[in-house]
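1. A predicted structure for the sequence below; I have some questions about it.
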Amino acid sequence: MSQIDRVLRSNLKLRHLQLLVALDEFRHLGRASEFLSITQPAVSKMLVEIEKMFELQLFSRSTRGTEPTAHGVTVVRFARSVLADYQRTRDEISAADSGGVGRTSVGAMVVALPSLLMPAILRVKQRSRRTTVMVEEGDLTRLLPRLRVGELDLIVGRLEPGYASPDLETESLYAEPMCIVVSPGHPLAGAAKPSWAMLAELPWVVPPPWASSRSKLAQMFHKHFLEPPADIIETSSFLATLSGMHQRPAIGFLARSVAEHFAQQGLVRILKLKVPIELPHVGIITLRGRAKTPASELLMDSLRETAATRPR
């Protein structure tokens, strides 16, 4: 058995894994020690101990903080995966003792939050009030790494083809069109016939460059022989989009169901302008081959039922 095998199988303890993840999160010995409630000298001593086990430098230290080395990145990924499995197992045992189903962690893109994920969570709660659903909002660049190390059980959002991979399983649920929105106080909020030419010269809050909806939006301007807007803010966050729309004010580009949900609350107005583009369906992403917990299965069933009852 190699040295690395011995370390991974026998020598590493849970506190070692927690330290490695904390150092990766905070990139600073002092902040990691505060988070773990141990002294900074104890953190330094434990890190030296771990590196001696591996006979590798896992973090580089400087006056600016700590940075994982190439070896450190690999070991931290292993630590995250083990800790995620530990927490999942602990939650399942605890749930079984208390009569609940357990806990599941889901990554959510904005397109899926108000009209798919939240109604699905309500279905989960109707069946098992003690089941906990942890929701983390983000885009695929942030959510996929967390899914792969086990910190998320599934992702709901657009099934972007650029992120397809053999290790991922996808399940399409429905198509979701886009629309153009403004704040209720925007000069175009009451426009009877807004045009693409009007929109091209105004400030926008747009999806990030990797999103298929962003490239399709640019194509719509080109289709009308216009250059896409140059005065833009790029974000995948709904809160940032809404804040930009209200404070600049800027134009937003949202999934139709998201826009309709917040239009009912008086937060946005949907412009009377057709956006005839085709985008990837909204669906579920899971890691191929990973066993699903009862709580994850319950949430996925609820997502399917919610999607099936959506108005066409």
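-> That came through fine. In this text, all values refer to a predicted model and were calculated from it rather than measured experimentally.
2. so what's residue 226 closest to, chain neighbours aside?
-> In space, and not counting its chain neighbours, residue 226 is closest to residue 200: 4.5 Å by C-beta to C-beta, 6 or more residues apart in numbering. Just so you know, the C-beta spots here come from the backbone N, C-alpha and C atoms, and that holds for glycine as well.
3. Near the one you found, how many other residues are there?
-> 15 (other C-beta atoms under 10 Å).
4. Pull the contacting residues for it.
-> Applying C-beta atoms under 8 Å, 6 or more residues apart in numbering, we find residue 200 in contact with 221, 226-229.
5. Against which helices or strands is the helix ranked longest in the chain packed?
-> In the chain, taking DSSP state H as the definition, the longest helix is helix 70-98. Helix 70-98 sits against helix 14-26, strand 103-108, helix 294-308, with contacts defined as 3 or more C-beta pairs under 8 Å, 6 or more residues apart in numbering; DSSP states H and E.
6. and that helix, which residues are buried?
-> For helix 70-98, burial by neighbour count (16 or more other C-beta atoms under 10 Å) applies to 72, 75-77, 79-80, 82-84, 88, 91-92, 95.
7. wait, doesn't residue 35 sit right on residue 27?
-> No: applying C-beta atoms under 8 Å, one finds residue 35 not in contact with residue 27, separated by 11.9 Å.
8. what do those two both touch?
-> Residues touching both residue 35 and residue 27 by C-beta under 8 Å, 6+ apart: none at all.
9. Let's see which of the contacts of residue 200 end up in helices.
-> Counting by DSSP H, those contribute residue 221 to helices.
10. Name the nearest of the contacts of residue 200 relative to residue 154.
-> Of all the contacts of residue 200, residue 154 sits closest to residue 228, with 33.6 Å by C-beta to C-beta.
11. Give me the distance between the longest helix of the chain and the centre of its chain.
-> Here helix 70-98 is found 19 Å from its chain centre; the criterion is C-alpha atoms, centre = their mean, to the nearest Å.
12. same check, this time on stretch 226-244
-> For stretch 226-244, the distance to the chain centre is 19 Å (C-alpha atoms, centre = their mean).
13. next one: stretch 138-152
-> 6 Å.
14. quick one: which of the contacts of residue 200 is nearest to residue 184?
-> Distances from residue 184 to the contacts of residue 200, taken by C-beta to C-beta, are shortest for residue 229, at 20.9 Å.
15. For the closest residue to the closest one other than its chain neighbours, give me the backbone phi and psi.
-> Nearest non-adjacent residue to residue 229, counting by C-beta to C-beta, 6+ apart: residue 204, 4.6 Å away. Main-chain dihedrals, residue 204, degrees, to the nearest 10: phi -130, psi 160.
16. all helices for the stretch 151-300 of the chain, in order.
-> For the stretch 151-300 of the chain, the helices defined by DSSP state H, counting those that start in this stretch occupy 196-200, 212-223, 238-247, 256-264, 294-308.
17. thinking again about what came up before, pLDDT and distance to residue 274 for the buried residues of helix 70-98 - can I get that in a markdown table?
-> Formatted as a markdown table, those follow (pLDDT from 0 to 100; distance: C-beta to C-beta, whole Å):
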| residue | pLDDT | distance to residue 274 |
| --- | --- | --- |
| 72 | 90 | 51 |
| 75 | 90 | 52 |
| 76 | 90 | 48 |
| 77 | 88 | 45 |
| 79 | 87 | 50 |
| 80 | 86 | 45 |
| 82 | 83 | 51 |
| 83 | 84 | 48 |
| 84 | 79 | 44 |
| 88 | 73 | 45 |
| 91 | 70 | 47 |
| 92 | 68 | 48 |
| 95 | 62 | 48 |
